[in-house]
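Visitor: predicted model and sequence follow; I will ask about them next.
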Amino acid sequence: MKKYDAIILCYGSIALKQKIEIKIKQTVYTSWMIEGIGTKKELIKIYTKKQIIAIYNSGI
């Protein structure tokens with residue numbers, strides 16, 4: 001699994017409620033969400049893969 005895939009799997013209100021965490025090698029990806037963008041579909045429509053990774057990294 002790639003970094004982008006893990007970040008997307010951890011996205012959204014459902015992921016936050018379930019407190020999802022994915023560990024790849026030594027990195028743990030935790031659930032997250034941008035206020036006003038509740039689903040993965042919406043996120044992917046608005047931002048590119050590079051932007052999504054940058055946004056996730058900026059919140060760590």
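Guide: Right, received. Where do you want to start?
Visitor: which residues in this structure form strands?
Guide: Remark: strands assigned in the chain by DSSP state E are 21-24, 27-30.
Visitor: CA-only coordinates of the helix or strand of the chain with the lowest mean pLDDT in PDB, if you can.
Guide: Least confident helix or strand of the chain, by mean pLDDT, DSSP states H and E, is helix 13-18 with a mean of 92. The C-alpha trace of helix 13-18 is given here as PDB (Å, rounded to 0.1, in the frame of the first residue of the first chain):
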ATOM      1  CA  SER A  13     -16.300  11.400   9.200                       C
ATOM      2  CA  ILE A  14     -16.700   7.600   9.300                       C
ATOM      3  CA  ALA A  15     -13.000   7.100   9.600                       C
ATOM      4  CA  LEU A  16     -12.900   9.600  12.500                       C
ATOM      5  CA  LYS A  17     -15.700   7.900  14.300                       C
ATOM      6  CA  GLN A  18     -14.000   4.500  13.900                       C
END
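Visitor: give me the distance between that helix and the centre of its chain.
Guide: 11 Å (Cα atoms, centre = their mean, to the nearest Å).
Visitor: hmm, who's touching that helix?
Guide: Identification of contacts with helix 13-18 by Cβ atoms under 8 Å, 6 or more residues apart in numbering yields Leu9, Ser31, Trp32, Met33, Gly38, Thr39. Backbone N, C-alpha and C define where each C-beta goes, glycine included.
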